[in-house]
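Undergrad: quick one: sequence plus predicted model below, questions after.
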Amino acid sequence: MKYLDAFHTLAKRRRDEIVVTSAGNSGQAWWAATRDTEATFYLDASMSLSTMFSSGLALARPELKIWAFMGDGAFCMNPGTLMVERQMNLPNLTHILVSNRVYGATSNAGLPNYKDNDYAAIARSMGLERVFEFGDLETLDRDFPSVIGGNAAGHTFVVLEVEPFSEAEQKLEQPPFDGPELKFRFGRHIERRSDCDIFGYRL
Amino acid sequence: MVTDKASDVAKRITDELAACGVKLVASLPDNWLMGVIKAVDQDKRFVHVPVNREESAIGLCSGAYMGAMGSAAVMGASGFMTVIYAITKINYTYEIPLFLMLTLRGAGGDHHKHHISNGLYLRPVLDAISMPYQIIDDPADLGLISRSYHHTRTFSRPMVVLFTRDLLRGQGGHG
């Protein structure tokens, strides 16, 4: 499954979910698919913290549904995050692991043990119950709505098996925001959606 | 071992946090902090999330801020030394406030030789990344927790409170 095709499919299936991206490729791909300037936090190069950031947000705002992208390069740096996610078991959080079997943000450098890493099995071994895998576009398009629909109890973990970015795709535009601008764009969106007060003053 | 005086200090720390509006507390243990962590865990004013890597506490608290939830990250000095990248990448890049409570390991009174590196480098590392910190040794100064927490919100930056061994053992100040 092509990385960008998968993201266009997710974008098509998105309703009002808040999105947090991980380093490099997922931010580029989501920006290419959506050009979202408000409801996505492009968390650049946090080295495995996109789902922890998302868990804090999901805990704080249970009325919002959160999608958190994480590459398998980041996941392999800190798979223990899944234990924390399982412990928190937030029903409004979907962890979308984008498995391209390389460090995509660093020119597709090799990922240790990439042939044998079984991310869904790792998740199940940590007690996660809502674990889903997609390896082709047709199945993703058909079944993803049922994964995210309804009011399922507990945290959801989705593995997307995709091809690494091509050389041309590596040159896709990065989301063009400085950090504080992104914080305020995203935060003001959350304030409007949830009638909460993040920054201590409302514009 | 948590003595009566130590448990009083732990209770006052949790009261300070609650008064700031802290709801989420993410922690990794340090022996000196066990009284505080236990007090947080048993206090229904907080959602206590034990994590398995200090960086995860940074991510959780930063995300909670973006959802308008007050938070604190609690960890030992050694754990803090592993999170410099996470803090500079997330909290400095996006200017997201973060409040941390740490142990002042390696200072006078620490019985553990292996904390010599923290004694030598913890404060220089904080200075190197221009992170303000407040040492609290006396129970009479616990109000500085609130002042430090509000400083993070005013200036959209992280700040650290460093607890001494004597304080956490209930032997600080005139104790």
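TA: Great, that's in hand.

Undergrad: for the rest of this, base every contact and every neighbour count on C-alpha atoms.
TA: Noted.

Undergrad: how far away is the residue most central in space within chain A from residue A:52?
TA: Geometric centre of chain A, nearest residue: residue A:69, 1.4 Å, by C-alpha atoms, centre = their mean. Residue A:69 sits 11 Å away from residue A:52, going by C-alpha to C-alpha, to the nearest Å.

Undergrad: SS state for the residue nearest to the centre of chain A?
TA: strand (DSSP: H, G, I helix; E, B strand; the rest coil).

Undergrad: so who does it touch?
TA: Neighbour list for residue A:69: A:19-22, A:26, A:50-51, A:95-98 [criterion: C-alpha atoms under 8 Å, 6 or more residues apart in numbering or on different chains].

Undergrad: how many other residues sit next to the residue lying closest to residue A:4 once chain neighbours are set aside?
TA: Taking C-alpha to C-alpha, 6 or more residues apart in numbering or on different chains as the measure, residue A:4 lies nearest to residue A:29, with 5.9 Å between them; neighbours along the chain are not counted. Counted with other C-alpha atoms under 10 Å in any protein chain shown, the neighbours of residue A:29 add up to 25.

Undergrad: any idea which element residue A:29 lies in?
TA: Counting by DSSP states H and E, the element that carries residue A:29 is helix A:25-34.

Undergrad: contact partners of that helix?
TA: A:3-4, A:7-8, A:11, A:21, A:42-44, A:69-71, A:98, A:104-105, A:165, A:170, A:172-175.

Undergrad: inside helices: which ones of the residues you listed?
TA: A:3-4, A:7-8, A:11, A:170 (DSSP state H).

Undergrad: biggest separation within the residues you listed, which pair?
TA: A:11 and A:170 (19.7 Å; C-alpha to C-alpha).

Undergrad: tabulate the ones in helices among the contacts of helix A:25-34 (JSON lines), appending pLDDT and distance to residue B:53.
TA: As requested, the ones in helices among the contacts of helix A:25-34 are exported to JSON lines (pLDDT from 0 to 100; distance: C-alpha to C-alpha, whole Å):
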{"residue": "A:3", "pLDDT": "97", "distance to residue B:53": "30"}
{"residue": "A:4", "pLDDT": "97", "distance to residue B:53": "32"}
{"residue": "A:7", "pLDDT": "98", "distance to residue B:53": "30"}
{"residue": "A:8", "pLDDT": "98", "distance to residue B:53": "33"}
{"residue": "A:11", "pLDDT": "98", "distance to residue B:53": "32"}
{"residue": "A:170", "pLDDT": "95", "distance to residue B:53": "31"}
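
Undergrad: so which elements touch the longest helix seen in chain A?
TA: As assigned by DSSP H, the longest helix anywhere in chain A is helix A:179-194. Helix A:179-194 makes packing contacts with strand A:40-42 when contacts are defined by 3 or more C-alpha pairs under 8 Å, 6 or more residues apart in numbering or on different chains; DSSP states H and E.

Undergrad: after the helix or strand harbouring residue B:159, next one along is what?
TA: Using DSSP H and E, residue B:159 sits in strand B:158-163. Per DSSP H and E, the first helix or strand lying C-terminal to strand B:158-163 is helix B:165-168.
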